[in-house]
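sequence and computational prediction follow.
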Amino acid sequence: MIPGPFTYHRPGSVADALKLLAELGDEARPLAGGHSLIPMMKLRLASPEHLIDLHGITALKGVVREGDRVVVRAMTTQHELLGSDVIASILPILKETSLLIADPQIRYCGTLGGNVANGDPGNDMPALMQLLNADFLIEGPDGQRTVAARDFYQGAYFTALEPGEILTAISIPGPASGHGYAYEKLKRKVGDYATAAAGVVMTMEGGIVTSCSIGLTNLADTPLWAQEAGEAVVGTSLDDAALKRAADAAIAIMSPAADGRGPVEYRKHVGGIMVQRALKRAAARAA
Amino acid sequence: MATQAKKTQVSMKVNGVEVEGLVEPRTLLVHFIRENLQLTGTHIGCETTHCGACTVDLDGRSVKSCTVFAVQADGSEIITIEGIANADGTLSALQEGFRMMHGLQCGFCTPGMITRAHRLLQENPNPSEEEIRFGIAGNLCRCTGYQNIVKAIQYAAAKINGTEYQEAAE
Amino acid sequence: MNDMTPTREQREARLEGMGCKRKRVEDVRFTQGKGQYVDDVKLPGMLHGDFVRSPHPHARIVSINTEKALQVPGVLAVLTAETLKTVNLAWMPTLAGDVQMVLADGKVLFQNQEVAFVVATDRYAADDGINAVEVEYEPLPALVDPFTSMNDDAPVLREDLAGKTEGAHGPRRHHNHIFEWTVGDRDLTDAAFRKADVTIKEMISYHRTHPSPLETCQCVCSFDKIRGELTIYGTFQAPHVIRTVVALIAKIPEHKIHVIAPDIGGGFGNKVGAYPGYICAAVASIVTGKPVKWVEDRIENLTATSFARDYHMTTEIAATNDGKVTGLRVHVLADHGAFDACADPSKWPAGFFNIVTGSYDFPVAHLSVDGVYTNKAPGGVAYRCSFRVTEAAYCIERGMDILAQKLGMDPAELRLKNFVKAEQFPYNSALGWEYDSGDYHTAMRQMMEKVDYAGLRREQAEKREAFKRGETREVMGIGISFFTEIVGAGPSKNCDILGIAMFDSCEIRLHPTGAGIARVGSKSQGQGHETTWAQIIATEIGIPSDDIMIEEGNTDTAPYGLGTYGSRSTPVAGAAIAMAARKIRAKAQMIAAYKLEVHEDDLEWDIDGFRVKGLPEKYLGMKDICWIAYNSPPPGMEPGLEAVSYYDPPNMTYPFGAYLCVMDIDVDTGVYKVKRFYALDDCGTRINPMIIDGQVHGGLTEAFAIAMGQEIHYDENGNVTTGSLMDFFMPTAVETPVWETDFTVTPSPHHPIGAKGVGESPNVGGVPAFSNAVNDAFSFLGTTHIQMPHDYWRNWKVAKELGVVG
């Protein structure tokens, strides 16, 4: 399990990184945390001739508030998200989810940018970004552009990111203060991808749901924003019937693969359970 | 068709000592540590980031050195199991804890486990059992069932904090 | 005596002998990263070898083109079956009497089978090389389901066996049949079933899994052409056996082969067998004249070097209406993969599976085992168990629960009713074993009392009612396992490996100053032999443990031994150690008698020396005796103080235990929680209770993993789907339950120190406890037997089929 040979580049700025990508073309891959790419390279399922390590670009680090939004720069690690006061206070669901990603060592390396840009349906952050309606800031040879997380994913490992582009930051609208949130992830063990996972952010007033957004992980070849499922509980007191409607609406859009985590039927079923549990836990947290 | 890429010079501080070496860019940090530096305490168990036997401390982070290139660690500061003992050569509180609590059997996961626990205690000097289990979940052990590893880390935490370790049950 | 004279307690404590929780000697180096494992061996000019492996489970090899690989910088050679044929090593004998391809010869028979061996200057170049070897395959239909192996239209897997109707263990009925093995009295057993009030019959499968120690299999082979000597550093649980096998197949004189097993990172049975990597590295070293290292990666380990279990056991029990068992009939379909490479004693094609009558007094029993070939990896190793004993324990412990359910009896009560009684030992089982000692009723009652068994059943009854009322979505299971193991292979009258009798050995050499070294034929892979062997010696001859160095694993220095697996170290090597120590003590007694000017018979042993009976002040300590032995021995006595013992055990040992698991299962997700796990072990005399507890913790963790999901799984096309530690369930500290341990002590009457061995009990006993808990959880809803592994989705599927989830 040894990667094929490559040339290593460590640009100091996004501009330099983009320049390298433009020059080196298809044979170059940007390297973020590396915990998806390097194992692929070791199995020689990926054999880039050039690796462009983004760790030297300080401008890609950090979490900042920009008005009502939180901007997480792409090379911010999950471990750094866990230590961020901004995340803890405005987007606690990111903290809850980060703790459920892989294991401590990998969280020190894995980045938010890598997690969302890679297009692996098993990654947890993409569904979160969809339910939060985040924007991905992308820089490329033709300048900057923004793609909504909800428009970014096209298939397993296929995204709106064009060759030569780098995802530089994620801009997340801060949910209303007092919102409830939960990320429910069923997995076989620490380090596994979700058998099924659901994230919920909601607001309530007087015991009635006033807004709700639901995201689903590893239940299709892309992350899923379960719009109808979220709408199904708005205006309800989250009674059993509403929970069931939401779960059914979510299940309707799931198309997981059968694998060692279980057959399709099971994964959809527990996907629905995760939705219901996340809704209940989020409601309990909503002010 | 594979061709060997140009080698590059890397330098880093490992266990307090400045080291350097000429490596291919694809050289994994674990191989640099084990083969170039001949620090063979860091082990290879799975090569796919699941087992944690190759865990080292890199700039204050526990990382699995099978999934980091040596070139990425250029200029960094690394602690391996060989750098864990006290300055006077005696066993550190963690090493002592592992021995006293029978926290190891074949010893293969132990360097990674201790190196990881070292960082865990730096970040959380007084962890609960649950926090320890969560904190070492990136390290697999096939021999001990973890129960005595948890005790070993509790023993070390108590010793570092200057309190007496009370074993909960025999 | 003055105040400075140590008390008896102080003298005992200073020895750190048997029964003491001595801290481990090994840990000083292991905690500092100073262990010396095989991959740490670096010899001058060392090359690296790596395998090209088959992506197909069954295919004909059309061609292998090594040209491009040989052009890769650093690649020096590529071995194929054709190369190996020139040294007559394209095939190798297996421990089970079959032959196995070292490199694919004409066809491949399982996915990831070794096809070519690339030798290069370093592991990076070797990896580049394997990616440049071009192999053309012509895929053939894969045989995956062992139940179809002997169908008329089943594909022929082993063309090399065409026309061979006789195998190593008797007649073969079909081209994919390996052997049939039968034990017991078929007629009497059939008669018992005809007369029975109640019978049960269930096909109980124990799925394919893998020992997967954290360190994979690896070796460094170095052939010295000038001296004609081969040195092998390897991850070997049985280094002497490897030396003899190499001598026999490579035709190198045995004294010119040096096998060194250094520190080993866990074995669990994985490191007993001989694998193609060892042969290829040795051949490559002979061909290139340089040392060659081979280190398998985790995927290779999980998919190519051995597997465990894969037994499909049709189990029938006959009983009376009041729950007395009257007969046992078991047929096993054993999936051995592409080659029969089981690591069993050679005369035992199904190991000691005939321990399947377990802890119960079956008057009659009959067992038959059919071994078959499939397109899967070869192996069949004893994953932390004596040979096929965990399969047997699982079979009978599930069977007893199924019977209890049919009779409407409590499973604990059924067991108590049928246990072999303490006064029946030594007990001759219906399938041919003589159990040495046991007190099952005491152990079972102690367990039931400690866990408040009656209280647990009440809690379960309440929970079941609550479940039926819809107040909870969890079902509660209580799993009991009462296992009897057979370990300590073994007596030469019935145990050998390729003709080598399964004795073990120890050589003790005491030095003049009262310290010494003991070399033993066993080989620790984490069991702590350097610590515990010294404790036996300390107690036997009164020299402190700290003054005894233990050495194992070097075939040039250690006496010939059969190694460590099947919980044989304490029963066999441990006995050899005690016997060698006793030889030393006997000589020491002669020396003491001479020096104290009394007859030997007038001396008594007193902790660390000899005392004249009735004259307590006349005492000579062992430390002084050591000096005298060398420098002023009695006239006519040879100087020196050393002894060797080769121990051929008169019988196996039979450890036993009572385990209980309490588990809740959420029917909506299938997610289980182990609420409690209690393990009582009786391994006879306890040498180091700390290490025993550690062994039990580790074995239970493996049992937990196996029962709850650890599986080597092949899809219907023969592709392995569990090749990484993400998909092959190896629990972390988060998933692993908390273990409660307990013990009783029933010494083995035939073992010099009464010890029985413990390393494997928790795996053997643990698996049925977990599985019985899952089965017990669902049984009130109408299930009889749920196959392992009990992972989340399968639990949910059970609930779904029972109609309790929407």
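Structure received.

say whether chain C is contacted by stretch B:117-127.
No. Counting by C-beta under 8 Å from any C-beta of the partner chain, chain C has no neighbours in stretch B:117-127; the shortest distance is 11.0 Å. C-beta coordinates here come from the backbone N, C-alpha and C atoms, glycine included.

what about the residue in the stretch 501-650 of chain C that chain A sits nearest to, how many residues nearby?
Here the residue of the stretch 501-650 of chain C nearest chain A is C:Gly526; by C-beta to the nearest C-beta that distance is 22.4 Å. By the criterion of other C-beta atoms under 10 Å in any protein chain shown, C:Gly526 has 29 neighbours.

next, give phi and psi for it.
Backbone torsions of C:Gly526, given as degrees, to the nearest 10, read phi 130, psi -10.

do you know how far it is from chain B?
3 Å (C-beta to the nearest C-beta, to the nearest Å).

look up how far C:Phe30 lies from the residue lying closest to that residue once chain neighbours are set aside.
Distances taken as C-beta to C-beta, 6 or more residues apart in numbering or on different chains place B:Cys106 nearest to C:Gly526, at 3.0 Å, with adjacent residues excluded. Taking C-beta to C-beta, to the nearest Å as the measure, B:Cys106 falls 8 Å from C:Phe30.

and C:Thr472, by the same measure?
For C:Thr472, the distance to C:Phe30 - C-beta to C-beta - is 46 Å.

from the chain's centre, how far out does the strand or helix carrying C:Ala466 sit?
Per DSSP states H and E, C:Ala466 falls inside helix C:453-468. Centre-to-centre, helix C:453-468 and its host chain are 37 Å apart (C-alpha atoms, centre = their mean, to the nearest Å).

list the helices and strands it packs on?
strand C:474-484 (3 or more C-beta pairs under 8 Å, 6 or more residues apart in numbering or on different chains; DSSP states H and E).

quickly run through the sheet partners of the strand it packs on, with directions.
strand C:656-666 (antiparallel) (DSSP bridges).

report the angle between the strand it pairs with and helix C:453-468.
20 degrees (axes from the mean of the first three to the mean of the last three C-alpha atoms, to 10 degrees).

wait, doesn't the residue nearest to C:Gly526 sit right on C:Glu215?
Yes. Shown here, B:Cys106 and C:Glu215 form a contact pair, counting by C-beta atoms under 8 Å, at 7.3 Å.

contacting residues for whatever residue of chain B ends up closest to chain C?
Residue nearest to chain C within chain B: B:Gly41 (1.8 Å; C-beta to the nearest C-beta). Applying C-beta atoms under 8 Å, 6 or more residues apart in numbering or on different chains to B:Gly41 gives the contacts B:Thr80, B:Ile81, B:Glu82, B:Pro111, C:Gln32, C:Gly33, C:Lys34, C:Gly35.

of C:Thr472 and C:Phe30, give the one with the bigger neighbour count.
Each of C:Thr472 and C:Phe30 has its neighbours counted (other C-beta under 10 Å); C:Phe30 has more, 27 against 17.

write out the residues of the stretch 51-200 of chain A neighbouring chain B.
By C-beta under 8 Å from any C-beta, the residues of the stretch 51-200 of chain A that approach chain B are A:51, A:53, A:55, A:79, A:102-106, A:108-109, A:190-191.

excluding chain neighbours, give the residue nearest to the residue positioned nearest the centre of chain B in space.
In chain B, the centroid-proximal residue (C-alpha atoms, centre = their mean) is B:Thr115; its distance is 2.7 Å. Once flanking residues are discounted, B:Thr115 sits nearest to B:Thr55: 5.0 Å by C-beta to C-beta, 6+ apart.

the one you found - how many residues pack around it?
Counted with other C-beta under 10 Å, B:Thr55 comes out at 32.

secondary structure element holding B:His31?
helix B:29-31.

sorry, wrong one. I was asking about C:Asn301.
Assigned by DSSP H and E, C:Asn301 falls in helix C:298-303.

outside of that helix, which residues touch it?
Contacts for helix C:298-303 (C-beta under 8 Å, 6+ apart): A:1, B:45-48, B:50-51, C:51, C:53, C:111-112, C:210, C:212, C:216-217, C:270, C:377, C:712, C:720, C:722-725, C:728.

where exactly do the strands run in chain B?
Assigned by DSSP state E, chain B shows strands spanning B:8-14, B:17-23, B:55-58, B:61-64, B:77-79.

OK, contacts around residue 141?
Assuming you mean chain A. The contact partners of A:Pro141, by C-beta under 8 Å, 6+ apart, come to A:Leu18, A:Leu21, A:Ala22, A:Gly164, A:Glu165.

wrong one, chain C
C:Pro141 touches C:His58, C:Pro155, counting by C-beta under 8 Å, 6+ apart.
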